[in-house]
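> I need the structure of the sequence given here:
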Amino acid sequence: MRTYEDIDLMVLRNDIEGLMKAAKDADETIREHAVKALRAINPEEAREVLRQAQSDPSAKVRRAASGLALGEDSLKEKMADQTQKVDGDEGKDIKISIRWLWIMIGTWGVGSVLLALMILVWMFSGSNFGNTGQIIGILVLSGLGIVMLWVAVMKLKEGKRK
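Numbers count the residues shown, from 1 in each chain. Predicted structure coming up:
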């Protein structure tokens, strides 16, 4: 019978053969620790043993073989859960994330318009009336802000109607 200490010794001695035998032990915790050790060392000759451990009857051994921590689902189980999702819920998640996008674009639009107004006030507050480049910059900034705000509001209204 193998123990945890035996597996630790096998790891220290780099005894791949012993670890491969321990991975087929009757005790699931011994198999789990052996598979974890083989996974960490990752020798070429143990690839088949690791593949076999992924179909082990024990969930702990399967998790160890796939490299996941205890309590986590395997990648295949997660993918199966994702495909079983109801289309309505998935569509709702997508609509919520798109709604946040339009809210952010609208916020940027408001910020652009306010920035353009602040630059305009600053520019005309003194006796400096600015040059053509500054005026064109203000017009472009405010125009872009107004367009972003308008598009965001229209998209958000359209999303509420649906």
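
> In the chain, where is pLDDT below threshold?
The model of the chain has pLDDT under 70 over residues 1-2, 4, 68-97, 126-130, 160-162.

> Show me the longest helix that occurs in it.
In the chain, ranked by residue count with DSSP state H as the criterion, the top helix is helix 87-125.

> can you pull the buried residues of it?
102, 105, 106, 109, 112, 113, 116, 119, 120, 123 (16 or more other Cβ atoms under 10 Å). Yep, even glycine has a C-beta here, placed from its N, CA and C like the rest.

> next one: that helix to chain centre, how far?
Centroid separation for helix 87-125 versus its chain: 24 Å, with Cα atoms, centre = their mean, to the nearest Å.

> cool, stretch 143-153 as well?
Relative to its chain's centre, stretch 143-153 lies at 31 Å (Cα atoms, centre = their mean).

> What residues of it count as buried?
145, 148, 149, 152.

> ok so, going back, to the chain's geometric centre, what's the distance from the helix or strand following the longest helix of the chain?
Next helix or strand after helix 87-125 toward the C-terminus (DSSP states H and E): helix 132-161. In terms of Cα atoms, centre = their mean, the centre of helix 132-161 is found 32 Å from the chain centre.

> Done for today, thanks.
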